[in-house]
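**Student:** Predicted structure and sequence below. I'll ask about it afterward.
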Amino acid sequence: MKKYVLILGLITSFNASAHDWIDCGKDALGYTANCQYKIDTDGTLTIRGTGNSGNIGYWLDHNENEFIQPWKDQDVKNVIIEDSIKDLGILGFNQIKSQNPIILPSSVTQIRRYSFDGIITEEVIIPNSVISIEEAAFAWSSIQKIVIPDSVKTIECSAFRGMTKLTDLVIPNSVERIDQNVLSDCSNLKTLTIGENTQLGALFDANVPAKLKIYCTGDVAKCDANLEAAGYPELKSIKATTQKINGVTYVYDDKGKLVTTSGHRTEKRIYTIDEANAIAGKTNTFSIRYR
């Protein structure tokens, strides 16, 4: 009986320690990062803010040229960021792998430079509280989809640079300016959806992706003029319309064919009639293609 109780005690202690909150500690600049984290036994990294700022910190050590975030080299399989986080910091998530989409909380108002540099995940969903995406925020990350909300006004230089798994990007009409090199080295980009009022910088520092098609959700002539001003007179946009349902934007070409979506639904449930109509292929029979 005593041995049995002792073994149970060890197991309980192990599980409890796996769920304990740990202070993020000092960042590369020597400042206290106002956050705590825990990594559960299933590999879920949960981060919460502490104090007034809820700042994850600055984890790039320029002197050593390496990333020193506290959860580095941990076996992370998913990431949860709690509402108490207000500032994502710099290089907070480099080289983390997340099997599920990362949903940023509404407490975040801007995505700082290098925040998701090098992250490996299928999708990142940005909340309506974010108004700017800073320099190289998602550079060289292995993200397939980025959901940009209507609140975003500016996308700074190299924000999506080197995202080779990014195939489709929908820029909402709210974006007033996209800086230079935002899409440089996005070699597999197939569709880019833009509005007529978005001022464009030199999006690519070298070759434009060979299969790229640009869809314009407003006046095509204005979109083409913006492309020419950015240095791409050879690129001509295609007239497009959009439909937003439950946070997902559906983009249709000039023939009414669905060409892309801004992201995936985060809830697993039965499709509504509007959603079914939005993704249904035009056929002679009642046939729905699920995405």
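**Tutor:** On my side now, so go ahead.

**Student:** just checking, residue 222 is part of a helix?
**Tutor:** Yes - membership of residue 222 in a helix is supported by DSSP: H, G, I helix; E, B strand; the rest coil.

**Student:** mind listing what the closest residue to it other than its chain neighbours touches?
**Tutor:** Distances taken as CB to CB, 6 or more residues apart in numbering place residue 196 nearest to residue 222, at 3.9 Å, with adjacent residues excluded. For the C-beta atoms, the positions are set from N, CA and C on the backbone; glycine is no exception. Contact criterion CB atoms under 8 Å, 6 or more residues apart in numbering gives 173, 216-219, 222-223, 226 as the residues in contact with residue 196.

**Student:** For the closest residue to residue 260 other than its chain neighbours, give me phi and psi.
**Tutor:** In space, not counting the residues next to it along the chain, residue 260 is nearest to residue 168; the distance is 4.1 Å by CB to CB, 6+ apart. According to degrees, to the nearest 10, the main-chain angles of residue 168 amount to phi -140, psi 140.

**Student:** can you count the residues close to residue 168?
**Tutor:** Burial measure for residue 168: 21 neighbouring residues, criterion other CB atoms under 10 Å.

**Student:** do the same with the one 4 residues further on
**Tutor:** By the measure other CB under 10 Å, the count of residues near residue 172 is 20.

**Student:** again, but for the one 3 residues further on
**Tutor:** By other CB under 10 Å, 22 other residues sit near residue 175.

**Student:** quick one: it is in a strand?
**Tutor:** No - assignment of residue 175 by three-state DSSP gives coil, placing it outside any strand.

**Student:** ok now do the spatially closest residue to it that is not a sequence neighbour, which residues does it touch?
**Tutor:** Closest residue in space to residue 175, ignoring its immediate chain neighbours: residue 198 at 5.1 Å, by CB to CB, 6+ apart. By CB under 8 Å, 6+ apart, the contact list for residue 198 reads 171, 173, 175-178, 226.

**Student:** before we move on, the earlier item: next, the contact list for the residue nearest to residue 260, please.
**Tutor:** In this structure, residue 168 makes contact with 145, 189-193, 260-261, judged by CB under 8 Å, 6+ apart.
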